[in-house]
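Student: Fold the following.
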Amino acid sequence: MAQLTRQTPNRTLRNLQREVDSLFDQFFGRSDGGDQSPSAVWSPSTDLVETDDAFRLHLDVPGMSAEDISINLQNRTLTVNGERSSERTDESEDFVRVERAVGTFHRTFTLPDAVDADHIEATYDDGVLTITVPKTEESTRRQIEIQ
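Tutor: Numbering: from 1, shown residues only. Model (predicted):
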């Protein structure tokens, strides 16, 4: 007989998020004490793109303004945090289902040595925060001509 086990979807999603975060940590190097603050309520989905001259991080933070988000760099650790507030205005409403996360988030990424920390840029458009981390000229790929 097949054994039925109860699985909590949130637990499964948290495990998947930890695995993705671990991949980011492996790529960028291990961060101090992990990338998730114990007080963080949610974590934005993040894509990492590498080009020949830069790394780009795309964080999904819909429903937030640029003023709700802060980005800091200390040593080689890039920290992105913010807070998304609840849109519930009428306490008399009985919500049948609530799936949108609210509260604080905190993500940290340890950057490789070969980045130009002085020229990191961030833009926010349509709920997506894009952080561009340029590589140093010495670390960019170049074609070597065979003599």
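Student: Now find how far off-centre stretch 81-98 is within its chain.
Tutor: 23 Å (CA atoms, centre = their mean, to the nearest Å).
Student: list the buried ones in that stretch?
Tutor: Neighbour counts over stretch 81-98 (16 or more other CB atoms under 10 Å) mark 81-82, 84 as buried. C-betas here are computed from N, CA, C, even on glycine.
Student: Not counting that stretch itself, show me its contacts.
Tutor: If you take CB atoms under 8 Å, 6 or more residues apart in numbering as the criterion, stretch 81-98 is touched by 37, 42, 61, 63-64, 68-70, 101-107.
Student: Now, the residues you listed that are in strands?
Tutor: 69-70, 103-107 (DSSP state E).
Student: Including distance to L57 and pLDDT, could those go into a markdown table?
Tutor: Formatted as a markdown table, the ones in strands among the contacts of stretch 81-98 follow (distance: CB to CB, whole Å; pLDDT from 0 to 100):
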| residue | distance to L57 | pLDDT |
| --- | --- | --- |
| I69 | 12 | 96 |
| S70 | 15 | 96 |
| G103 | 21 | 85 |
| T104 | 19 | 90 |
| F105 | 14 | 91 |
| H106 | 14 | 90 |
| R107 | 9 | 93 |
